[in-house]
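> just a sequence and a predicted model for now, questions to come.
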Amino acid sequence: MMLYRKYLYKPLRIRVRFLHSEVFKNIPKKKISSAPIFSLAKQWPNKIAIVDKFGEHTYSSIYNSSVTLSKVLENYLHGETQECVALFCPNDASYVVAQWASWMSGQIVVPLSPFHPESMLEYFLNDSGAKVILTTAELEKSIQPLVKKLKQKHFVLEDYVTLNYKPLGKTSFEKNNEVELFEQNNIINDNQFFDSDAVIIYTSGSTGPPKGVLLSHRNLNSQINSLTSSWGWTNKDVILHALPLYHIHGIVNVLMCSLYSGAKCVMLPKFNANDVWTWLLAIDQYYGYRVNMFMGVPTMYVKLIENYEKMFEKNDRMVEYIKAVCSQKIRLMVSGSAPLPSTIFNRWEQITGHKLLERYGMSEIGMALSNPLNGERIPGFVGWPLPGVSVRLVKDDKVLVEGNSIDTKVINTEAKEKTGGYIGSLQIKGDNVFKSYWCKPESTKKEFTEDGWFKTGDTAEYVNNNYKILGRTSIDIIKTGGYKVSALFIETIMLQNKLIDDIAVIGLPDSTWGQRIAALIVVNKDSKEIDGKKIIKELKLWAESVLPSYSIPTVIKVVDQIQRNAMGKVDKKSLLKTSFKEYLENV
């Protein structure tokens with residue numbers, strides 16, 4: 001990777017940062033819109049909305065393609081609304097067209113991942129009852145076996161719409177004075193639209209298979225308005241998107257906030273450290289714009305640091321140049337979906353001059369807590385409640401702390417810890433909170449208190465007017481590489497293999513992934529004579545066919561038995577200390 005000399009010999013400037021004590025101080029006041037996100041595209045027709053591997057796509061071209069596709073959906077569904085439409089699209093403009101078209105026709109989108117195994121995709125399609133799959137010519141081949149098996153209707157976008165774009169490096173759309181016309185769509189009025197369901201995002205629960213988190217358009221609008229106002233989004237922003245588009249992080253925080261604001265979204269097919277550095281440093285680019293925002297999970301920042309140390313660190317001029325460019329040209333870098341180790345926080349600041357903005361959220365609530373855009377960011381803390389979000393800590397059915405972005409009060413001063421803080425189960429309330437788990441009323445009821453607060457399942461500490469996430473209340477929820485994984489679900493799937501008699505899945509602390517997935521396995525009597533290494537290799541290969549890559553145990557130990565108590569339960573905290581002691585010592 002080469003940098004141009006004009007960058008290397010450019011005079012370095014130092015930007016001075018002023019810190020403020022108030023969380024949302026000096027953030028421009030933004031008018032809250034209640035219009036559907038695709039309707040807002042009419043404000044900037046010729047502006048570039050998406051940059052992908054094909055080129056530049058304007059807001060009007062994406063809108064018009066979406067209208068065309070929405071009519072195809074309307075005809076197929078005979079005018080029915082609130083049906084589930086699965087999106088099996090790559091990370092490019094086709095995803096946006098499929099999403100907008102589904103919403104224009106009044107449907108519920110179900111994002112799927114090309115990286116999920118067939119068995120999991122089959123579960124999502126069956127559980128959601130999707131009436132149709134929207135995909136692309138690029139991905140049709142990989143979904144074809146499942147389509148045939150389930151006799152599932154699917155549409156290939158290229159058969160119905162032409163995505164107009166200009167190749168990268170050519171004259172930008174924005175230099176063209178001709179205003180592109182918008183196709184007409186018959187969208188219902190805004191109030192009806194926002195009361196309707198928008199998306200089902202599948203997430204791992206502490207028990208059983210993944211549950212579909214049902215979010216309404218009102219939920220999404222609340223989340224978007226909260227983030228765009230708090231993080232200072234404008235139509236001049238250019239964000240680099242390297243996150244998957246079947247999680248709330250990639251769908252809302254990056255893509256929808258960008259398009260809502262009239263900003264540009266540069267979409268990479270997938271995360272690659274070399275590609276991210278290329279865009280952050282504006283290498284080999286002549287497009288008249290450059291990236292000024294980036295959001296990722298801690299593992300991404302680990303990989304970026306590794307790439308930096310391999311490619312740049314030995315060159316003093318490059319070290320100085322990278323810090324100058326990132327400090328002066330990039331206004332915001334965010335980390336979330338998993339705890340950010342302080343070592344990564346400090347190292348990233350050393351490399352780029354940026355103190356990563358940590359925030360807290362999940363599929364069911366969007367984002368709830370955030371460090372300030374302007375103000376002090378403390379490693380390990382996730383800040384204060386975002387606008388429109390109420391937060392409280394509860395212990396032994398007693399409320400310890402409760403508040404919102406304007407004011408937080410300590411309710412039970414007697415519960416103060418020796419650290420000076422208050423520790424309890426984190427609960428959330430607001431328009432951002434999801435409607436229900438898809439077709440699971442009992443599971444939904446269990447996750448809410450009688451007075452309507454959502455129980456996140458996380459334990460948090462409130463200290464010095466700041467929140468810190470201490471971890472999952474359940475040891476059966478593992479956070480690895482930004483993904484939330486159910487240990488019990490992995491156990492259920494793995495027990496389908498006839499080699500396994502018993503299994504216990506545990507999360508091991510890991511500096512790169514946050515946690516690694518480990519499994520203690522008892523093999524059946526007929527397999528005990530087989531070499532242990534051979535069994536482990538066979539099980540890992542088999543797991544690749546039934547589990548997503550991020551859910552596959554990377555550490556497997558074969559044991560004679562797994563200790564259980566009188567109730568038949570496994571004490572996983574004890575197993576972690578006894579069976580995986582060496583991994584604890586290396587952290």
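Structure's in. What do you need?

> what are the contacting residues of the strand or helix carrying Ile535?
Under the criterion of DSSP states H and E, Ile535 resides in helix 532-546. For helix 532-546, the surrounding residues in contact (CB atoms under 8 Å, 6 or more residues apart in numbering) are 117-120, 493-494, 496-497, 499-500, 521, 523, 527, 552-553, 556, 558. C-betas here are computed from N, CA, C, even on glycine.

> from Trp233, how far off is the residue nearest to Lys577 when sequence neighbours are not counted?
Here the nearest residue to Lys577 in space, its sequence neighbours aside, is Leu584; by CB to CB, 6 or more residues apart in numbering that works out to 6.9 Å. Separation of Leu584 from Trp233 (CB to CB, to the nearest Å): 41 Å.

> Thr480 too?
The span separating Thr480 from Trp233 equals 30 Å under the rule CB to CB.

> quickly run through the sheet partners of the helix or strand where Ile50 lies, with directions.
Under the assignment given by DSSP H and E, the secondary-structure element containing Ile50 is strand 48-51. As defined by DSSP bridges, the strand partners of strand 48-51 come to strand 56-58 (antiparallel), strand 264-267 (parallel).

> tell me which of those strands lies nearest to Arg290.
The closest of the strands paired with strand 48-51 to Arg290 is strand 264-267. By CB to CB, the value is 9.6 Å.

> residues in contact with that closest one?
By CB under 8 Å, 6+ apart, the surrounding residues in contact with strand 264-267 are 47-52, 91-93, 237-241, 254-255, 258-259, 279, 289, 291.

> which of those residues fall in strands?
In strands, judged by DSSP state E, the following of those are found: Ile48, Ala49, Ile50, Val51, Val238, Ile239, Leu240, His241.

> so which of the residues you listed is the most crowded?
Neighbour count (other CB atoms under 10 Å) singles out Ile50 as the most crowded of the ones in strands among the contacts of strand 264-267, with 28 neighbours.

> that residue pairs with what?
Taking DSSP bridges, one finds His57, Cys265 as the beta-bridge partners of Ile50.

> any idea how far Val297 is from it?
Distance from Ile50 to Val297, counting by CB to CB: 22 Å.

> do Thr58 as well
Going from Thr58 to Val297 by CB to CB gives 30 Å.

> can you get me a residue count around Gln107?
Summarising burial for Gln107: neighbours were counted as other CB under 10 Å, giving 26.

> ok, how many other residues are close to the closest residue in space to it that isn't next to it in sequence?
Ranked by CB to CB, 6+ apart and with sequence neighbours excluded, the top spatial neighbour of Gln107 is Val85, at 4.6 Å. The burial count assigned to Val85 is 24, neighbours taken as other CB under 10 Å.

> in a strand, Val85, correct?
Yes - the assignment for Val85 by DSSP: H, G, I helix; E, B strand; the rest coil puts it in a strand.

> pLDDT weak spots in the stretch 151-300 of the chain?
Flagging of the stretch 151-300 of the chain using pLDDT under 70 yields the residue ranges 169-191, 205-208, 286-287.

> which stretches of it form helices?
190-195, 217-230, 248, 257-261, 273-280, 298-311 (DSSP state H, counting those that start in this stretch).

> closest to Tyr467 out of those?
When the helices of the stretch 151-300 of the chain are compared (using CB to CB), the closest one is helix 217-230, at 14.8 Å.

> if we can go back for a sec, narrow the contacts of helix 532-546 to those that are buried.
Burial of those was assessed by neighbour count (16 or more other CB atoms under 10 Å); the buried members are 117, 120, 493-494, 497, 499-500, 521, 523, 527, 552-553, 556, 558.

> can you mark which positions in the longest helix anywhere in the chain are buried?
What stands out as the longest helix in the chain, according to DSSP state H, is helix 59-76. Applying a neighbour-count criterion of 16+ other CB under 10 Å, the buried positions in helix 59-76 are 59-74, 76.

> for stretch 296-312, same thing?
296-305, 307-308, 312.

> try stretch 404-415
Asn404, Ser405, Thr408, Asn412, Ala415.

> how far is it from where the chain is centred?
Centroid displacement of stretch 404-415 relative to its chain, using CA atoms, centre = their mean, to the nearest Å, is 29 Å.

> and what of stretch 245-262?
Mean C-alpha position of stretch 245-262 versus that of the full chain (CA atoms, centre = their mean) differs by 9 Å.

> can I get the CA coordinates of it in PDB?
Below are the C-alpha coordinates for stretch 245-262, written out as PDB (Å, rounded to 0.1, in the frame of the first residue of the first chain):
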ATOM      1  CA  LEU A 245     -26.300  -5.500   7.900                       C
ATOM      2  CA  TYR A 246     -28.300  -8.000  10.000                       C
ATOM      3  CA  HIS A 247     -27.400  -6.300  13.300                       C
ATOM      4  CA  ILE A 248     -28.800  -3.100  14.800                       C
ATOM      5  CA  HIS A 249     -25.200  -1.600  14.800                       C
ATOM      6  CA  GLY A 250     -24.800  -1.700  11.000                       C
ATOM      7  CA  ILE A 251     -28.500  -1.200  10.100                       C
ATOM      8  CA  VAL A 252     -29.400   1.800  12.400                       C
ATOM      9  CA  ASN A 253     -26.200   3.400  13.800                       C
ATOM     10  CA  VAL A 254     -24.500   3.600  10.500                       C
ATOM     11  CA  LEU A 255     -26.700   3.000   7.500                       C
ATOM     12  CA  MET A 256     -30.000   4.600   8.600                       C
ATOM     13  CA  CYS A 257     -28.500   7.500  10.500                       C
ATOM     14  CA  SER A 258     -26.500   8.300   7.400                       C
ATOM     15  CA  LEU A 259     -29.400   8.200   4.900                       C
ATOM     16  CA  TYR A 260     -31.600  10.000   7.400                       C
ATOM     17  CA  SER A 261     -29.100  12.900   7.500                       C
ATOM     18  CA  GLY A 262     -28.400  13.100   3.800                       C
END
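
> of Leu584 and Trp233, which one has the most company?
Of the pair Leu584 and Trp233, Trp233 is the one with more neighbours under other CB under 10 Å, namely 24 against 11.

> quick one: residues contacting that one.
Trp233 makes contact with Lys30, Leu227, Cys257, Ser258, Tyr260, Ser261, Ala263 under the criterion CB under 8 Å, 6+ apart.

> kindly report the same for Arg472.
So Arg472 contacts Gly457, Asp458, Thr459, Lys479 (CB under 8 Å, 6+ apart).

> so how far is Phe381 from the nearest residue to the last one once chain neighbours are set aside?
Looking back up the chat, that one is Lys479. If you skip the residues right next to it in sequence, Lys479 has Ala338 as its closest partner in space, 4.7 Å away by CB to CB, 6+ apart. Using CB to CB, we find Ala338 at a distance of 15 Å from Phe381.

> and if you look at Lys468?
Computed with CB to CB, the distance linking Lys468 and Phe381 is 5 Å.

> in the buried residues of stretch 404-415, find the pair that's most separated.
The largest separation in the buried residues of stretch 404-415, counting by CB to CB, is between Ser405 and Ala415 at 23.0 Å.

> can you list phi and psi of Lys573 for me?
Geometry field for Lys573 lists phi and psi as phi -70, psi -40, criterion degrees, to the nearest 10.

> residue closest to the middle of this protein?
Closest to where the C-alpha atoms of the chain average out (CA atoms, centre = their mean) is His249, at 2.5 Å.

> dump the residue contacts of that residue.
Residues touching His249, when contacts are defined by CB under 8 Å, 6+ apart, comprise Leu243, Met295, Val297, Gly336, Ser337, Gly361, Gly482.

> quick check: the third one touching Ala338?
Yes - in terms of CB atoms under 8 Å, Val297 counts as a neighbour of Ala338; the distance is 5.7 Å.
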